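Asks: Got a sequence here, can you build the structure:
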Amino acid sequence: MNRKRLGRSGLVVTDICLGTMTFGLQAGESESFAMMDRAVEAGVDFFDTAEMYPVPPSAKLFGVTEEIVGKWLKARGCREQIILATKVTGPSHGWFRPEIRHGLTSLDRRQIVRACEDSLRRLQTDYLDLYQTHWPDHGARQEDILEALTRLVKEGKVRAIGASNETSWGLMKSLWEAEKHGLQRFDTVQNNFSLINRRCENELAQVCRQEGVSLLPYSPLGGGVLTGKYNDGALPAGARFTDYLKAGGPRQQKMARRFVNDRSLETTLRLQEVARDIGVTVTALAVAWSKQHDFVASTIIGATTVAQLNESLAAKDLVLSEEVLARIDAIEEAIPNPMTEDGLRRL
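Replies: All right, here's what the predicted structure looks like:
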């Protein structure tokens, strides 16, 4: 498996990262253990989690995903072999009220340090390789946020820092503040990026290239849309957007409609033709496409079963030809921006 550096840090990781968002809800502990075992067997050494996982977040399950990952790390005795990333929850900007610290998730010194210490305890480790802000807090002084993160780096609790769900402006602002005040800079940004949401190829890609920041794309399968499971209006039982559309609140329903709509489903159908012509699944096609971007360090894949994970791992040695990439671009030109927006517009 190929390896790439995270920004300008000392961390070099596999270009596929195991996402753990489903651990503890859609996937039980034993299945989660099996997926981590399978990922390592395939060569993956980069795991990503968050204090608010599993998703959708709840007060009852808050922190469970980190606990499962921590149990696995201890049971397998492989902490030093895994590059471990997690996140401190920031403001959700109206999507939901995080059931964490009573919903008071502004990013200040106390919250960041407390969250880090709690994550270390749940993960049963004394350091984090990558610590990320989970949604930005643009209303706060960015130097205060970076000072807290810098303190954690100096104390040896964190090796590198990053942002998640960040705008191009927000990333540049934080980098400028880091340079101005001599603070730790973000080496990564983790945003939604897929064949139905290609917005990162515009301004954010330019920031990443020029500033030495690596993109860690999440949801390369478009929340599962690109697997085809929502084709022809299907709402499969247990699927996240099925639950959102049937029983979710207004915000969850809006999010589901961003992903599952006529344009995204038509894009999926056309991509299935491309995948079929080269003898792979759309899942493998989508992950391989994500990995081939020069500003991407590692693509985060998620699953609820080992079988699903294997579909994404099939992309680990897949390189798409210029002809295939051109066919994919032609689909995007015919159906631009299948997702009506990517959740960052209002930040």
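
Asks: only C-alpha atoms for contact and neighbour calcs from this point on.
Replies: Fine.

Asks: tell me the contacts of the residue nearest to Val55 when sequence neighbours are not counted?
Replies: Distances taken as C-alpha to C-alpha, 6 or more residues apart in numbering put Met21 closest to Val55, at 5.9 Å, once the chain neighbours are dropped. With contacts taken as C-alpha atoms under 8 Å, 6 or more residues apart in numbering, Met21 has the following neighbours: Thr49, Ala50, Tyr53, Pro54, Val55, Thr65, Gly302.

Asks: what about the fourth one, helix or strand, and which?
Replies: Using DSSP states H and E, no element contains Pro54; it sits outside every helix and strand.

Asks: number of nearby residues for it?
Replies: Counted with other C-alpha atoms under 10 Å, the neighbours of Pro54 add up to 23.

Asks: Now do the same for the residue lying closest to it once chain neighbours are set aside: its pLDDT.
Replies: The shortest distance from Pro54 to any non-neighbouring residue, by C-alpha to C-alpha, 6+ apart, is to Met21 (5.0 Å). pLDDT for Met21: 96.

Asks: Next: Gly94.
Replies: For Gly94, the model assigns a pLDDT of 55.

Asks: next one: the one 10 residues further on
Replies: Model confidence at Leu104, expressed as pLDDT, equals 70.

Asks: Could you do the one 10 residues further on as well?
Replies: We have a pLDDT of 94 for Arg114.

Asks: Under a three-state scheme, what state does it occupy?
Replies: Three-state call for Arg114 (DSSP: H, G, I helix; E, B strand; the rest coil): helix.

Asks: Neighbours of the closest residue to Glu143 other than its chain neighbours, how many?
Replies: Distances taken as C-alpha to C-alpha, 6+ apart put Glu177 closest to Glu143, at 5.9 Å, once the chain neighbours are dropped. Neighbourhood size, Glu177 [other C-alpha under 10 Å]: 18.

Asks: Glu177 contacts Gln142, correct?
Replies: Yes - if you go by C-alpha atoms under 8 Å, Glu177 and Gln142 touch, sitting 6.8 Å apart.

Asks: ends of stretch 212-223, how far apart?
Replies: Separation of the first and last residues of stretch 212-223 by C-alpha to C-alpha, to the nearest Å is 28 Å.

Asks: Contacts for it, please.
Replies: Contacts for stretch 212-223 (C-alpha under 8 Å, 6+ apart): 6-8, 186-197, 207-208, 227, 259, 283, 286-287, 290, 295-302.

Asks: how far out from the middle of the chain is it?
Replies: Relative to its chain's centre, stretch 212-223 lies at 6 Å (C-alpha atoms, centre = their mean, to the nearest Å).

Asks: pLDDT of it, averaged?
Replies: Mean predicted confidence for stretch 212-223 is 97.

Asks: How about the backbone phi and psi for Ser321?
Replies: phi -70, psi 160 (degrees, to the nearest 10).

Asks: Give me the below-cutoff pLDDT ranges for the stretch 51-200 of the chain.
Replies: Residue ranges of the stretch 51-200 of the chain with pLDDT under 70: 92-99, 103.

Asks: Tell me where it has strands.
Replies: 83-89, 128-134, 158-164, 186-190 (DSSP state E, counting those that start in this stretch).

Asks: Ile335 is nearest to which of the ones you listed?
Replies: For the strands of the stretch 51-200 of the chain, proximity to Ile335 was assessed by C-alpha to C-alpha; strand 186-190 is nearest, at 24.8 Å.
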